[in-house]
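Visitor: quick one, structure for this:
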Amino acid sequence: METTTATPGPASAAPAASAQVEEIRAQFPLLAREQDGVPLAYLDNGATSQKPLAVIDALDRWWREQNANVHRGVYRLSEEATSAYERARQVVATRLGADRRELVFVRNATEALNLVAYSWGRANVGPGDRILLTEMEHHSNVVPWYQLAVEKGAELDWAPIADDGRLDLEALRSLLEHGPKLVCVAHVSNVLGTINPVAEIAEMAHEAGALVVVDGAQAGPKLPLDVGTLGADFYALTSHKMYGPTGIGALFGRRELLERMPPFIGGGSMIRTVRRDEITWAELPAKFEGGTPPIGEAIGFATAVEWLDGVGLDAAHAHEAELTAYAIGRLGEIPGLRVFGPPPGDDRAGIVSFDLEGVHSHDVSEILDRHAVCVRAGHHCAQVLMERLGVAATTRASFAVYNTRREIDRLVEALQDVRRVFELD
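Guide: Modelled structure (predicted):
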């Protein structure tokens, strides 16, 4: 499965918004780092993004001036902490077009998807029921459903992808005729960069009587989101790919679904009353947030969302799209290199995975590191997709608002060195 190749511009060409990109880069301290005297080219944003000063300062201020536990203290510092934590929830909920009661803080998108599987899934999926996945899912949107299916005697179906890296929607439609309980789909593929038509998929799924679970880990930093327009019943986000801290993510769930779901974690904060013979649960979203939450991280998450909103999601997506087209064009200059996924366009995000014939992706990545170019190598927690592509692993470059054409040029120059090292010329 190879993408079509765009025509590369000249290596010296600069993005239209180069001055703005440089202003953005200045807000990321780590981007000033050098490795063996060479500036770092960080192209592993699909794994985690770097953090702007706004987020770093917010976390520093929290630990220095605001740290206290939330919800139970009746002293001023605790009340301020509670206010800051709940404001963070409102910021992230607004980012999704959701009610704050529909926004549950979790550790990451993985925990969000597991929450749905353990809570909604165990209460609603039984023997013979079907769960529909796609071949491009990250393991976070596979393993919980596999575990649930094994436990409950349910069946997994797999919607295929076409040779251009897009979902085969007609095949998906046919699989919906089997009446699945759930359709689980990535909004953006972490390998192919494919932007799936979630609203269209959700409409088809709902007509078939299924709920829709969306893994939005890669979409969060790239696309404007509105869960109502998308038609998602559950939507998972993670902060650390959105220029925020690690250890915090969010699950959106439609309120009527969350109301009927049992808690995921039992303990403090998620209860209303505890008696010897009866326990009742707290109101949403507290019912799903047992124990002390990641308060500072939630505040950092909200700060990152506000920072990204200040940049503008449309502008961020346009910049990454331009970089993606440029990268695919330049990579097309390298003999023996295959790029996977759709061609540049409206349904491709800033993720480019490739295979260099005769060289394992780990070796590619190690040599690129000698040039201070940071990329990902391996199966990217998507082994079903790797099997579909016919490779064991790929090398992945993934872009952010602060990346530049010059960094892509350095990637290409380093790949030419890979070819020299392995005597491929």
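
Visitor: C-alpha only now, for contacts and for neighbours.
Guide: OK.

Visitor: let me see the domain layout of the protein.
Guide: 18-48+312-421, 56-309 (automatic domain parsing).

Visitor: dump those to TSV, plus mean neighbour count and mean pLDDT.
Guide: Formatted as TSV, those follow (neighbours: other Cα atoms under 10 Å; pLDDT from 0 to 100):
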stretch	mean neighbour count	mean pLDDT
domain 18-48+312-421	19	97
domain 56-309	20	98
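
Visitor: which stretches of the stretch 301-425 of the chain form helices?
Guide: 313-331, 361-370, 383-389, 405-421 (DSSP state H, counting those that start in this stretch).

Visitor: check contacts around the nearest residue to L96 once chain neighbours are set aside.
Guide: In space, and not counting its chain neighbours, L96 is closest to D226: 4.9 Å by Cα to Cα, 6 or more residues apart in numbering. D226 is in contact with R95, L96, G97, A98, counting by Cα atoms under 8 Å, 6 or more residues apart in numbering.

Visitor: pick the one among those closest to E289.
Guide: Closest approach to E289 among those (Cα to Cα): A98, at 17.8 Å.

Visitor: check the secondary structure at the closest one for me.
Guide: Assigned by DSSP: H, G, I helix; E, B strand; the rest coil, the conformation of A98 is coil.

Visitor: shouldn't it be in contact with L230?
Guide: No: counting by Cα atoms under 8 Å, L230 is not a contact partner of A98; they are 11.6 Å apart.

Visitor: list the contacts of whichever strand or helix holds G228.
Guide: Here G228, judged by DSSP states H and E, is contained in helix 227-230. Taking Cα under 8 Å, 6+ apart as the criterion, the residues outside helix 227-230 that touch it are L96, G97, A98, V198, A199, A202, D233, Y235.

Visitor: as JSON lines, those with distance to E155 would be great.
Guide: Output for the contacts of helix 227-230, formatted as JSON lines (distance: Cα to Cα, whole Å):
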{"residue": "L96", "distance to E155": "31"}
{"residue": "G97", "distance to E155": "33"}
{"residue": "A98", "distance to E155": "31"}
{"residue": "V198", "distance to E155": "23"}
{"residue": "A199", "distance to E155": "25"}
{"residue": "A202", "distance to E155": "20"}
{"residue": "D233", "distance to E155": "21"}
{"residue": "Y235", "distance to E155": "22"}
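
Visitor: now do the contacts for the closest residue to V116 other than its chain neighbours.
Guide: Leaving out its chain neighbours, the residue that sits closest to V116 by Cα to Cα, 6+ apart is F234, at 7.8 Å. F234 makes contact with V116, V212, V213, V214, L251, F252, G253, R254 under the criterion Cα under 8 Å, 6+ apart.

Visitor: can I get those residues in CSV including distance to M270 and secondary structure?
Guide: As requested, the contacts of F234 are exported to CSV (distance: Cα to Cα, whole Å; DSSP: H, G, I helix; E, B strand; the rest coil):
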residue, distance to M270, secondary structure
V116, 17, helix
V212, 26, strand
V213, 24, strand
V214, 25, strand
L251, 16, strand
F252, 17, strand
G253, 17, strand
R254, 19, coil
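
Visitor: name the nearest of the residues you listed relative to A26.
Guide: Of all the contacts of F234, A26 sits closest to L251, with 31.7 Å by Cα to Cα.

Visitor: gap between the closest one and Y402?
Guide: In this structure, L251 and Y402 are 27 Å apart, going by Cα to Cα, to the nearest Å.

Visitor: and the residue nearest to the spatial centre of the chain, backbone torsions?
Guide: Centroid-nearest residue in the chain: A217, 1.6 Å away (criterion: Cα atoms, centre = their mean). Torsion angles at A217 (phi, psi; degrees, to the nearest 10) stand at phi -60, psi -40.

Visitor: surely it touches A109?
Guide: Yes: counting by Cα under 8 Å, A109 is a contact partner of A217 at 6.2 Å.

Visitor: shared neighbours, those two?
Guide: A236, L237, T238.

Visitor: report the beta-bridge partners for L182.
Guide: Beta bridges link L182 to I131, L211, judged by DSSP bridges.

Visitor: can you tell me which helix or strand the nearest residue to P293 once chain neighbours are set aside belongs to?
Guide: Among residues not flanking P293 along the chain, F105 sits closest, at 7.9 Å (Cα to Cα, 6+ apart). Assigned by DSSP H and E, F105 belongs to strand 103-106.

Visitor: you'd agree V142 is up against L133?
Guide: Yes: using Cα under 8 Å, V142 is in contact with L133, at 7.4 Å.
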